[in-house]
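[1] Need the 3D shape of this:
(one chain, ligands or ions: 2)
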Amino acid sequence: MKYSNFFLPTVKDAPSDAEIISHQLMIRAGMIKQSSAGIYSWLPLGLIVLKKIEQIVREEQNNAGAIELLMPTIQSSDLWIKSGRYDDYGKEMLRITDRSGREMLYGPTNEELITDIFKSHINSYKDLPKNLYHIQWKFRDEVRPRFGVMRGREFLMKDNYSFDIDENSAKNSYDNMFKAYIKTFIRMGLTPISLRAETGPIGGSLSHEFQILAKTGESTLYYDKKLETLNMNTIDPNELQSFYAAVDDQHDEKNCPISKDNLKISKGIEVGHIFYFGTKYSEKLNALVQDKKGKNIPVHMGSYGIGISRLVGALIEAYHDEKGIKWPLEVAPFKLSIINLMPEDQDCDTKSMEYYEYFMKNNIEVILDDRNCSIGKKLSDNELIGIPFQIIIGKRDLKDGLVEFKNRQTNIVEKIPIDNLINFINTILTK
Ligand code: ATP
Ligand code: MG
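    Numbering: from 1, shown residues only. Ligands and ions are numbered 1, 2, ... in the order given. Presented below is the predicted three-dimensional model:
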């Protein structure tokens, strides 16, 4: 991508209602534009990151055996009346009347709809377990939309639903997703803390939230210090679930099983939430399956959500400095940025194009900053948008046969001989 062809409207100052750093940086880096309270357009740079996160989530769902489908954003009220949630959901649900006077709604979640799809096609234990997911926009008319995309009204969620013949098998599905969630967040460069949580309007008895530690988080987390030192890549979900970890409304100081010295209290951002709720929906919506003895019983269900659009903000909360964003490589909108400090200079131009064409040809995501603007603006915009590796091409260095390489994670700058640069970049990208 050439910056001059792209649409990357960086702005100097964030609006005053952007209270937290990720919201400020997303606006300043030209990633989003608010269209009304809690509703955003995703500008090209923001959309690239959103899609990357979506793709990681999708791959880990597929690896865990979940099957993707796509349900609509607009649902009819019928199923919600049957499940009893049409009234329970209250004002958070956006209700719409169509031209024939039918009551419709913009889905805040999909338990009802998926249960209806399931029951239309599956009626035997032989077809279980099943795990279906989709990645779709949700709408919740939040009382206080804020923090940009972190608490929006319209937001992108991956939600999936597991179907099992009994509680034992359902717990396996739950643990399988638990593991998939840990893997998903680690792949994005995040360290998740999993905590026992309240089930809220979704219902049920077993539930965990996945939280990312951040000073600006809205949840207060109480957990065993040891959780911060575990190897999340290898630990068994049951072992992980055995450590004490609870969100505010689940924590009871008097009955806390671990000592004050071992208890850590931190702020966190909820990025995922999983539930096992048994037969709550299958009973109400009559989703029955035949068991081995030929008896029709309600199917056992769980539901699992990841806030994909919230993760964009959460990642920035975790990775930034005073100059801007510092994307982890896996979710970075581009891996490389080639910054041509002097586009009017023939040598700078030729060298930049040579590198650019090489990386384009080799499918390495690269942006070439070929704009005719001041060197200061160029460098500060690049700090702001936070591309992990930056190649800075200037006239003086080129005369000495050198280019600058900057690692945005460490902010360390080094000079690299022009002929070594491609090898150097290939080596760090494969590390
Ligand atoms: P919260 O407690 O933050 O309001 P929730 O518990 O109501 O979230 P869930 O129903 O568990 O949300 O939804 C699954 C995931 O969707 C959450 O873990 C979160 O990452 C994301 N999410 C929920 N509400 C929003 C929102 N208003 N804006 C952006 N993402 C959201
Ligand atoms: Mg939740």
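[2] Okay, and the beta partners of the closest residue to I21 other than its chain neighbours?
    Sequence neighbours aside, H320 is the residue nearest to I21 in space, at 5.9 Å (criterion: C-beta to C-beta, 6 or more residues apart in numbering). For the C-beta atoms, the positions are set from N, CA and C on the backbone; glycine is no exception. With DSSP bridges as the criterion, H320 is bridged to I325.
[3] interface residues of the stretch 1-150 of the chain facing ligand 1?
    Applying C-beta under 6 Å from any ligand atom, we find that the stretch 1-150 of the chain lies next to ligand 1 at T109, R140, E142.
[4] Are any of these buried, and if so which?
    Buried members of these, scored by 16 or more other C-beta atoms under 10 Å, are T109, R140.
[5] I'd assumed E283 was in contact with T115.
    No: using C-beta atoms under 8 Å as the test, T115 is too far from E283 to be in contact (10.1 Å).
[6] follow-up on the earlier one: you'd agree the residue nearest to I21 is up against Q24?
    No: applying C-beta under 8 Å, one finds H320 not in contact with Q24, separated by 9.6 Å.
[7] about what we covered before: neighbour count winner among T115 and E283?
    Taking other C-beta atoms under 10 Å, T115 and E283 do not tie; T115 has more neighbours (26 against 14).
[8] Pull the contacting residues for that one.
    L79, Y161, Y281, S282, L285, A287, M301 (C-beta atoms under 8 Å, 6 or more residues apart in numbering).
[9] repeat that with 7 Å
    By C-beta atoms under 7 Å, 6 or more residues apart in numbering, the contact set of T115 is Y281, S282, L285, A287.
[10] do you know how far the third one is from L311?
    Same thing as L285. From L285 over to L311 the distance is 31 Å, taken as C-beta to C-beta, to the nearest Å.
[11] quick one: which of these two has more around it?
    Set L285 next to L311 and count neighbours by other C-beta under 10 Å: L311 wins out with 29 against 20.
[12] Which single residue of the stretch 251-400 of the chain ends up nearest ligand 1?
    Residue of the stretch 251-400 of the chain nearest ligand 1, by C-beta to the nearest ligand atom: G307 (2.2 Å).
[13] burial count for that residue?
    G307, neighbours per other C-beta under 10 Å, totals 26.
[14] before we move on, what about the one 5 residues further on?
    The tally of other residues near V312 (other C-beta under 10 Å) stands at 25.
[15] Please, where are all the strands along the stretch 301-431 of the chain?
    Under the criterion DSSP state E, counting those that start in this stretch, strands of the stretch 301-431 of the chain are mapped to 320-321, 324-325, 336-340, 366-369, 389-393, 402-407, 412-417.
[16] Just put those strands in JSON lines and tack on mean neighbour count, distance to H273 and mean pLDDT.
    Formatted as JSON lines, the entries for the strands of the stretch 301-431 of the chain read as follows, by neighbours: other C-beta atoms under 10 Å; distance: least, C-beta to C-beta, whole Å; pLDDT from 0 to 100:
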{"stretch": "strand 320-321", "mean neighbour count": "16", "distance to H273": "25", "mean pLDDT": "96"}
{"stretch": "strand 324-325", "mean neighbour count": "24", "distance to H273": "26", "mean pLDDT": "98"}
{"stretch": "strand 336-340", "mean neighbour count": "25", "distance to H273": "35", "mean pLDDT": "98"}
{"stretch": "strand 366-369", "mean neighbour count": "26", "distance to H273": "35", "mean pLDDT": "98"}
{"stretch": "strand 389-393", "mean neighbour count": "24", "distance to H273": "34", "mean pLDDT": "98"}
{"stretch": "strand 402-407", "mean neighbour count": "19", "distance to H273": "35", "mean pLDDT": "98"}
{"stretch": "strand 412-417", "mean neighbour count": "12", "distance to H273": "38", "mean pLDDT": "98"}
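[17] List just the one of these that sits closest to Y355.
    strand 336-340 (5.5 Å; C-beta to C-beta).
[18] Tell me the strands beside that closest one, with direction?
    Strand 336-340 is paired, per DSSP bridges, with strand 366-369 (parallel), strand 389-393 (parallel).
[19] For that strand, C-alpha coordinates in PDB please.
    Taking Å, rounded to 0.1, in the frame of the first residue of the first chain, the C-alpha atoms of strand 336-340 are listed here in PDB:
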ATOM      1  CA  LEU A 336       6.600  -3.000   7.700                       C
ATOM      2  CA  SER A 337       6.500   0.700   7.000                       C
ATOM      3  CA  ILE A 338       9.000   2.200   4.500                       C
ATOM      4  CA  ILE A 339       9.400   5.800   5.300                       C
ATOM      5  CA  ASN A 340      10.800   7.800   2.500                       C
END
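[20] surely the residue nearest to I21 meets K326?
    Yes: between H320 and K326 there is a contact at 5.9 Å, judged by C-beta atoms under 7 Å.
[21] Okay, buried residues for the longest strand seen in the chain please.
    The longest strand of the chain (DSSP state E) is strand 263-278. Going by neighbour count (16+ other C-beta under 10 Å), the buried part of strand 263-278 is 263-264, 266, 268-278.
[22] Which of those residues sits closest to M177?
    Of the buried residues of strand 263-278, the one sitting nearest to M177 (C-beta to C-beta) turns out to be I274, at 5.7 Å.
[23] who touches the closest residue to I385 other than its chain neighbours in this structure?
    Nearest non-adjacent residue to I385, counting by C-beta to C-beta, 6+ apart: A29, 5.0 Å away. Taking C-beta under 7 Å, 6+ apart, we find A29 in contact with T10, L45, G324, I325, L384, I385.
[24] What is the neighbour count of the fifth one?
    I take that to be L384. Around L384 there are 18 residues (other C-beta under 10 Å).
[25] likewise the second one?
    Here the number of neighbours of L45 (other C-beta under 10 Å) works out to 24.
[26] Which helix or strand contains it?
    helix 44-63 (DSSP states H and E).
[27] What score does the residue lying closest to M150 once chain neighbours are set aside have for pLDDT?
    Nearest residue to M150, sequence neighbours excluded (C-beta to C-beta, 6+ apart): G313, at 4.1 Å. The model reports G313 with a pLDDT of 98.
[28] Looks like G313 contacts G152 (just checking).
    No: using C-beta under 7 Å as the test, G313 is too far from G152 to be in contact (9.3 Å).
[29] show me the contacts for the closest residue in space to I274 that isn't next to it in sequence.
    In this structure, I274 finds its nearest non-sequential neighbour in Y304, 4.5 Å apart by C-beta to C-beta, 6+ apart. Y304 is in contact with D159, N160, M177, I274, counting by C-beta under 7 Å, 6+ apart.
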